[in-house]
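Student: Turn this into a model:
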Amino acid sequence: MTLKPQTLKGVAEEWGIDYQTFQIKVKLINTIEAYCKEHKISQRQLARLVPGLSQDRVSKIFSGQVGHMTIDKLVAILSALKIKVMVSAKAA
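Tutor: Here you go, the predicted structure:
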């Protein structure tokens, strides 16, 4: 079986989710994951920083299971890590 490389847009379409929302979640997750690696923060330590966040959920986030993770929760995680989130928008 040959797996074909997919773009974020292709994955979003395949999963039936909004591409822009998916793209934002991926960027936020990549930022969280990179910060944790750089600062040697374990999944368990990260989960302890955010009320209502479990290590299992962190594991799912880092493995790409972003469907049920809201942008609000990702921003809460970034805030707990003292990472400023900036948003911009432009007309298509």
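
Student: C-alpha from now on. contacts and neighbour counts both.
Tutor: OK.

Student: Report the residue spans of the chain with pLDDT below the cut-off.
Tutor: Scanning the chain for pLDDT under 70 picks out 1-5.

Student: does Lys40 count as helix, strand or coil?
Tutor: Look at Lys40: counting by DSSP: H, G, I helix; E, B strand; the rest coil, its state is coil.

Student: Distance of it relative to Ala34?
Tutor: Lys40 is 10 Å from Ala34, where distance means Cα to Cα, to the nearest Å.

Student: next one: Gln20
Tutor: With Cα to Cα as the criterion, Gln20 and Ala34 are 21 Å apart.

Student: contacting residues around the residue nearest the centre of the chain?
Tutor: The centre of the chain sits closest to Ile29, judged by Cα atoms, centre = their mean, with a distance of 2.6 Å. Counting by Cα atoms under 8 Å, 6 or more residues apart in numbering, Ile29 touches Ile61, Phe62, Leu74.

Student: Provide a list of residues in contact with the last one.
Tutor: Just to be clear, that refers to Leu74. Contacts for Leu74 (Cα under 8 Å, 6+ apart) come out as Lys25, Leu28, Ile29.

Student: Go through those residues and flag which are in helices.
Tutor: Lys25, Leu28, Ile29 (DSSP state H).

Student: Can you mark which positions in the helix or strand where Lys73 lies are buried?
Tutor: Using DSSP states H and E, Lys73 maps to helix 71-80. Neighbour-count burial for helix 71-80, with 16 or more other Cα atoms under 10 Å as criterion, is recorded at Ile71, Leu74, Val75, Ala76, Ile77, Leu78.

Student: Please apply the same query to stretch 42-57.
Tutor: By neighbour count on 16+ other Cα under 10 Å, the buried set for stretch 42-57 is Gln43, Leu46, Ala47, Val50, Ser54, Arg57.

Student: Save the residues you listed as CSV, and put in distance to Gly16 too.
Tutor: Formatted as CSV, the buried residues of stretch 42-57 follow (distance: Cα to Cα, whole Å):
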residue, distance to Gly16
Gln43, 28
Leu46, 29
Ala47, 28
Val50, 29
Ser54, 26
Arg57, 21
